[in-house]
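> Need coordinates for the below:
(one chain, ligands or ions: 1)
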Amino acid sequence: MDEVVALCKRRGLIFPASEIYGGIANTYDYGHYGVLLKNNVVNAWWRAMIQERDDVVALDSAIIQHPRTWEASGHLAGFTDPLVDCRTCGLRFRADHLGELQCGRKPSKHPGEADECDLTQSREFNLMFETTIGPVKDSASTVYLRPETAQGIFLDFKTTLQFARRKPPFGIAQIGKSFRNEITPGNFIFRTLEFEQMEMEYFVPPDQAEHWYQHWMQARLDWYVALGIERERLRLRAHDADELSHYSSATSDIEYLYPIGWSELEGIANRGDFDLTQHAKHSGEKLEFFDPNAGERYVPHVIEPAAGLGRTVLALLCDAYDTDEIGGEKRTVLRLSPAMAPVKVAVLPLLRKDGHPEKAREIYLELRRHVTAEYDDGGAIGRRYRRQDEIGTPLAVTVDHQTLEDDTVTLRDRDTLEQVRVTVADLVGRVTESVR
Ligand code: GAP
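Numbers count the residues shown, from 1 in each chain. Below you'll find the model as predicted:
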């Protein structure tokens with residue numbers, strides 16, 4: 001993990017937020033290549049949910065919803081972690097994770113193990129961030145930053161059902177930020193205070209719930225494999241009864257073998273009719289479906305694949321991170337699939353003179369009409385290749401003396417290191433074909 005974190009910082013993919021003020025706990029910023037990588041994941045998710053299906057529609061609901069949303073959903077009463085404070089070092093710890101955490105004064109020991117530790121009793125601490133609406137701060141104006149995107153989907157179930165002209169089984173998908181006041185041991189972007197979720201609520205007739213639960217588990221697992229993640233580092237793990245959330249009758253996690261061990265990448269839950277029933281009760285609206293063929297009214301059950309964008313990015317980075325040796329020198333390389341690579345092709349003039357930059361820029365301008373390309377003429381050619389290898393660029397085009405004579409360039413493959421000569425006329429076709 002340390003090496004991945006160092007690479008992300010070195011190449012500006014992901015780095016601690018508010019660094020000039022010393023940082024802020026469990027909060028990170030994404031730089032240029034990090035944003036491009038994240039966008040590739042987002043696009044792949046929308047593609048799988050919307051473009052390749054006709055039973056899912058998109059939504060972008062508000063982050064701040066009516067506060068009664070969280071009463072109905074159970075988050076106000078039950079979305080808590082057990083916490084203890086240490087009166088000696090002033091740090092706060094998850095009471096159920098003490099065995100994984102370090103004592104504030106003696107890092108070789110767990111909190112509570114050193115003689116000087118003085119832990120409080122465990123208290124339940126709600127994970128929702130509170131804020132207020134309007135200029136007067138009173139309890140009537142208290143609102144919450146959403147801890148999951150899912151509830152916005154349930155609130156819009158009735159409206160969406162009307163305008164989308166769908167009937168169960170159908171889904172509503174959304175990507176957006178969620179917020180949780182998490183205390184964590186600090187595993188980079190694995191658990192952060194704000195994070196993006198990619199959630200889809202799939203509304204089904206009650207007797208089809210098990211079928212669609214199985215369907216989505218397999219479909220979501222296949223999606224990660226299609227992104228290029230090694231199948232052996234992915235597994236499905238069913239929750240034990242005592243792990244289930246208050247709303248769930250069955251949940252399975254897709255786990256990835258992160259450097260910190262097998263950990264949750266995505267949860268697929270059978271939420272039954274819990275959410276629609278709760279919101280119907282609290283709002284007074286009927287949240288049900290009338291099936292005119294059967295002449296029946298029912299509350300659909302919900303199957304929910306809920307993925308984390310940051311955790312997917314982290315899994316891709318851990319999975320792609322590799323080192324090897326070229327000519328006796330160590331090389332770090334991100335072996336991302338071309339579809340996930342932030343930059344698909346780099347264009348590098350061999351020299352910064354003799355017409356190389358002009359020709360290289362011309363080629364770059366043509367390539368970037370088709371794929372994300374980067375022009376780089378700074379530093380020795382070997383160093384420029386290394387830079388591209390570290391951000392996972394699958395192809396590099398080099399313009400040299402011969403280019404000016406016969407209009408050919410070399411095309412270098414990040415993984416095989418093979419360099420082939422290609423005519424400029426064939427270049428766009430070759431590049432777009434191999435990064436598709
Ligand atoms: N709507 C269901 C739900 O929110 P969850 O398992 O709490 O379920 C779904 O969250 C996904 O969101 C997780 O599998 C994880 O990928 C991501 N996630 C949850 N909390 C996170 C956090 N604090 N930081 C980063 N990702 C998080």
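
> Now residue 288: closest residue in space that isn't a chain neighbour?
Once flanking residues are discounted, residue 288 sits nearest to residue 299: 4.9 Å by Cβ to Cβ, 6 or more residues apart in numbering. All C-beta atoms are positioned from the backbone trio N, CA, C, and that covers glycine.

> shouldn't the one you found be in contact with residue 276?
Yes: counting by Cβ atoms under 8 Å, residue 299 does reach residue 276; the two are 5.2 Å apart.

> Now list whatever residues contact both of these two.
Overlap of the contact sets of residue 299 and residue 276 (by Cβ atoms under 8 Å, 6 or more residues apart in numbering) consists of 287-288.

> neighbour-wise, which of the two wins?
The residue with more neighbours, out of residue 299 and residue 276, is residue 276; 24 against 18, by other Cβ atoms under 10 Å.

> Contacts only, for that one.
Contact analysis of residue 276 by Cβ under 8 Å, 6+ apart lists 154, 157, 287-288, 299-300, 302.

> how does it look with 6 Å?
By Cβ atoms under 6 Å, 6 or more residues apart in numbering, the contact list for residue 276 reads 287, 299.

> For the ligand, what's its nearest residue on the chain.
In the chain, the residue found nearest to the ligand is residue 308; the distance is 2.2 Å by Cβ to the nearest ligand atom.

> partner residues bridging that residue?
As for beta bridges, residue 308 partners with residue 197 under DSSP bridges.

> Tell me the residues of the stretch 101-250 of the chain that contact the ligand?
Along the stretch 101-250 of the chain, the residues adjacent to the ligand under the rule Cβ under 6 Å from any ligand atom are 148, 150, 180, 182, 191-192, 195, 197, 199.

> out of those, who's nearest residue 104?
residue 182 (18.0 Å; Cβ to Cβ).

> since we're on the residue nearest to that closest one when sequence neighbours are not counted, how many residues are nearby?
The shortest distance from residue 182 to any residue other than its chain neighbours is 5.4 Å, reached at residue 191 (Cβ to Cβ, 6+ apart). Residues contacting residue 191 under the criterion other Cβ under 10 Å number 19.

> Is residue 191 located within a strand, as I assumed?
No: assigned with DSSP: H, G, I helix; E, B strand; the rest coil, residue 191 falls outside any strand and is coil.

> And the pLDDT at it?
The score at residue 191 is 95. That number is its pLDDT.

> Quick check: it touching residue 180?
No: with contact defined as Cβ atoms under 6 Å, residue 191 does not count as touching residue 180 (8.4 Å).

> how about low-confidence regions in the stretch 101-250 of the chain?
Applying pLDDT under 70 to the stretch 101-250 of the chain flags the ranges 139.

> Could you measure from the spatially most central residue of the chain over to residue 50?
In the chain, the residue lying closest to the centroid (Cα atoms, centre = their mean) is residue 309, at 1.1 Å. Between residue 309 and residue 50 the distance is 16 Å, computed by Cβ to Cβ, to the nearest Å.

> related to what we said a few turns ago, surely the residue nearest to the centre of the chain meets residue 196?
Yes: with the criterion set as Cβ under 6 Å, residue 309 and residue 196 qualify as a contacting pair; they are 3.8 Å apart.

> List the contacts of the residue nearest to the centre of the chain.
Taking Cβ under 6 Å, 6+ apart as the criterion, residue 309 is in contact with 196, 198.

> and it, what pLDDT?
With respect to pLDDT, residue 309 scores 98.

> Please report how far it lies from residue 137.
Counting by Cβ to Cβ, the gap from residue 309 to residue 137 is 33 Å.

> Ok, residue 226 next?
Between residue 226 and residue 137 the distance is 48 Å, computed by Cβ to Cβ.

> again, but for residue 242
In this structure, residue 242 and residue 137 are 39 Å apart, going by Cβ to Cβ.

> Neighbour count for those two, which is higher?
Set side by side, residue 242 and residue 137 give different neighbour counts by other Cβ under 10 Å, the larger being at residue 137 (11 against 5).

> I'd assumed that one was in a helix, is it?
No: applying three-state DSSP, one finds residue 137 to be coil, outside a helix.

> Next, give phi and psi for it.
Comment: the main-chain dihedrals of residue 137 come out as phi -90, psi 100, following degrees, to the nearest 10.

> For it, list the residues it contacts.
Contacts here follow Cβ under 6 Å, 6+ apart; on that basis residue 137 touches nothing.

> Which helix or which strand is home to residue 339?
When elements are assigned from DSSP states H and E, residue 339 belongs to no helix and no strand.

> Spatially nearest residue to it, not counting backbone neighbours?
Using Cβ to Cβ, 6+ apart and skipping residues adjacent in sequence, the residue nearest residue 339 is residue 40, 6.5 Å away.

> So that neighbour, which state does it fall into?
helix.

> Around the ligand, pick out the residues from the stretch 301-436 of the chain.
Taking Cβ under 6 Å from any ligand atom, the part of the stretch 301-436 of the chain that reaches the ligand is made up of 304, 306-308, 310-311.

> Make TSV from those and add neighbour count and distance to residue 108 to it.
Output for those, formatted as TSV (neighbours: other Cβ atoms under 10 Å; distance: Cβ to Cβ, whole Å):
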residue	neighbour count	distance to residue 108
304	23	41
306	22	37
307	23	36
308	23	32
310	21	30
311	23	29
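
> which residues in the stretch 251-400 of the chain form helices?
For the stretch 251-400 of the chain, applying DSSP state H, counting those that start in this stretch gives helices covering 274-283, 309-320, 356-367, 381-391.

> Lovely, talk soon.
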